[in-house]
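1. Build me a model from this:
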Amino acid sequence: MGKEFTNSNSIRMAAIAGSIIGIVGIGVITKNVLLGSVILLLAAIAFLLFLYYGSDTTVICHEKGFTVKIVSRGKGMSLHEYGWEEVKETQYYDNESEEDHLTTRRMLVKTASGPAFNLYAMKGFDELISIFNQKTSHLPYVWKKPREMSNIYTKQERSFS
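-> Below you'll find the model as predicted:
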């Protein structure tokens, strides 16, 4: 099996923070060169801080369970192994941003020792949900799309027939 699913949060957040502050700096530089230059310098610093302290999460699914690898340039790497039977809850939810009101699809997986991971939709997100539906047959529910062309999932009772 060995399927990998990755959220590159450090690069994503660094780009967003650096871009927003950089755009403000460019706007300010037209009025005040010194202040605009300082803001552009802050944009570069924010980019580097998010890149350095942000974390990237990778979930690797295999036959007996899954591995969660969290890598941060500032904090190092952590590796956690879980068996499929350790999963106590899976949760699909939409997370709406307060700033731009854009919706991000997310999947949260909890074990007896706490949350294993919380990933936002990425390439292969539907396959990740499908794998967890198949491998966590001890849970009384699955996550399914109400319609084939739908982007959302709803919780449905698992049929044990």
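
2. What score does residue 160 have for pLDDT?
-> Confidence per residue is given as pLDDT, and for residue 160 that number is 66.

3. Residue 6 too?
-> At residue 6, the predicted lDDT confidence score is 89.

4. Quick one: neighbours of it, just the number.
-> For residue 6, the count of nearby residues is 16 (other Cβ atoms under 10 Å). Placement of C-beta: from N, CA and C, glycine included.

5. Nearest residue to it in space, please, no chain neighbours.
-> The spatial neighbour of residue 6 that comes closest, neighbours along the chain excluded (Cβ to Cβ, 6 or more residues apart in numbering), is residue 58 at 4.5 Å.

6. can you pull up the bridge partners for that neighbour?
-> Assessed by DSSP bridges, residue 58 has beta-bridge partners residue 6, residue 69.

7. Please report the distance of it from residue 21.
-> Taking Cβ to Cβ, to the nearest Å as the measure, residue 58 and residue 21 are separated by 28 Å.

8. Let me see the ranges of the strands in this protein.
-> When assigned using DSSP state E, the strands of the chain occupy the ranges 3-8, 55-62, 65-72, 76-83, 87-96, 103-111, 114-120, 141-144, 154-157.

9. got the ones you listed as CSV, with distance to residue 37 columns?
-> Shown next, in CSV, are these (distance: least, Cβ to Cβ, whole Å):
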stretch, distance to residue 37
strand 3-8, 30
strand 55-62, 31
strand 65-72, 30
strand 76-83, 35
strand 87-96, 36
strand 103-111, 34
strand 114-120, 35
strand 141-144, 50
strand 154-157, 51
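
10. doesn't residue 3 make contact with the residue nearest to residue 6?
-> No. Under the criterion of Cβ atoms under 8 Å, residue 58 makes no contact with residue 3, lying 10.8 Å away.
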